[in-house]
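Asks: Would you be able to build a 3D model of this:
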Amino acid sequence: MKQALAALALTLAASPALADDDIINVPATGSVAEVADRLVAAIEDAGATVFARVDHAGGAETAGLELAPMELVIFGNPKLGTPAIQDSPMAGLALPMKVLIWEDDAGAVQLSYQDPEEMLDEVGVDDDLPVIAQMEGALKKLTGAAAGE
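Replies: Below is the predicted model:
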């Protein structure tokens, strides 16, 4: 857990600031844990690698603090990520991909991720790089499967 939290801290510290319009939200059915389980299964079924699953609420609890249920899944596929990093080494700051599964104040569960084109544009990747559309399609498919659609 400490390694995953350290990796997340480094990733977030190096990530550009997020604008609201850069974030895609997908409503989901089930608990945060159930949706995260479905996302992990969809990622693995697609042949990608889950690098970490960070339980933010669990981490807060160990510090004597409270958060609504919230998990971050960090994953990737070198066939998609490598061309982006070849185009701009700074893409290594934005990748691997991340999806946040969280419960809002009304108790609704959401999957949220940063739009790949916007995320990679911030680190100098060419907007026309074909893998960007592939990443967008993969995220849409994976979050759709996890949402319980």
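Asks: and the residue nearest the centre of the chain, which of the three is it?
Replies: Central residue of the chain (CA atoms, centre = their mean): residue 98, 1.6 Å from the mean position. Per DSSP: H, G, I helix; E, B strand; the rest coil, the secondary structure class of residue 98 is strand.
Asks: so residue 76 bridges to which residues?
Replies: Taking DSSP bridges as the rule, residue 76 bridges to residue 49.
Asks: just residue 98 next, same as before
Replies: Here residue 98, judged by DSSP bridges, has bridge partners residue 74.
Asks: so what's it up against?
Replies: 11, 72-75, 113-114 (CB atoms under 8 Å, 6 or more residues apart in numbering). For every residue, glycine as well, the C-beta is placed using N, CA and C.
Asks: Looking at the residues you listed, which one is closest to residue 105?
Replies: For the contacts of residue 98, the closest approach to residue 105 (CB to CB) belongs to residue 72, at 19.0 Å.
Asks: Thought residue 53 was touching the closest one, still the case?
Replies: Yes. Between residue 72 and residue 53 there is a contact at 7.5 Å, judged by CB atoms under 8 Å.
Asks: Neighbour count: those two, which is higher?
Replies: Each of residue 72 and residue 53 has its neighbours counted (other CB atoms under 10 Å); residue 72 has more, 20 against 17.
Asks: Excluding chain neighbours, give the residue nearest to the more buried one in space.
Replies: residue 54 (4.3 Å; CB to CB, 6 or more residues apart in numbering).
Asks: neighbours around that neighbour, how many?
Replies: 20.
Asks: Correct me if wrong, but it is in a strand.
Replies: Yes. Assigned with three-state DSSP, residue 54 falls within a strand.
Asks: confidence score at it?
Replies: We have a pLDDT of 97 for residue 54.
Asks: Next one: it from residue 130, what distance?
Replies: 30 Å (CB to CB, to the nearest Å).
Asks: With residue 142 instead?
Replies: 19 Å.
Asks: All set, thanks.
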